[in-house]
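1. Predicted model follows, preceded by the sequence.
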Amino acid sequence: METKCEIGIGKRIRELRKFYNMTRKTLAEKLGITISYLGLIERGQRGTSVKRYKEICILFHVSLDYLLAGNEDPQAQSKFNPMNVCKSNLNKNEIRYLTDLVKALSLSKHTDDEVDSLFQALYRQWELLK
């Protein structure tokens, strides 16, 4: 039986998996479960062990509190932030290069959120090229 908690957890897992451009098959293999079981978790129809939730948190660089409760507290340092994930995988020169590229591509002024969005898109392309 689905609960609101399991549905929220599953939704966050699916969002994280998609952000990392990871297939269900890949994530299921990393967790040692079947694709169909992962699908049940993502749809909120099944839960899993705390140990497995911890593995998911480590894979996606999020806190257990975020995964289980959707903590959106701005003071929570390990809540999911795509910019932190992108920047944590790059050295200072790569960050500077991508930031300068985003600025150079801008024909008009962009908000910080728009620059972050462009940075994330460039980061995904950068990862594909590596």
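-> Yep, it's here.
2. quick one: terminal-to-terminal distance for stretch 57-70?
-> Its first and final residues considered, stretch 57-70 spans 12 Å by Cα to Cα, to the nearest Å.
3. as a whole number, average confidence for that stretch?
-> For stretch 57-70, mean pLDDT rounds to 82.
4. swap in stretch 96-103?
-> Summarised as a single mean, pLDDT over stretch 96-103 is 67.
5. show me where pLDDT drops low in this protein?
-> Within the chain, the segments meeting pLDDT under 70 span 1-6, 72-90, 95, 98-115, 122-130.
6. per the record, what domains does this protein have?
-> By the record's domain assignment, the chain is partitioned as 4-69, 82-129 (automatic domain parsing).
7. sec struct for Met22, please.
-> Classification of Met22 using DSSP: H, G, I helix; E, B strand; the rest coil returns coil.
8. Next: Asn71.
-> Assigned with three-state DSSP, Asn71 falls in the coil class.
9. Count the residues that sit near it.
-> 17 (other Cβ atoms under 10 Å). The way it works is simple: take the backbone N, C-alpha and C, and place the C-beta from them, glycine included.
10. Now it. Nearest residue, chain neighbours left out?
-> Asp65 (4.5 Å; Cβ to Cβ, 6 or more residues apart in numbering).
11. What strand or helix carries the one you found?
-> Take DSSP states H and E as the rule and Asp65 turns out to sit in helix 64-69.
12. can you check Phe119 too?
-> Assigned by DSSP H and E, Phe119 falls in helix 112-129.
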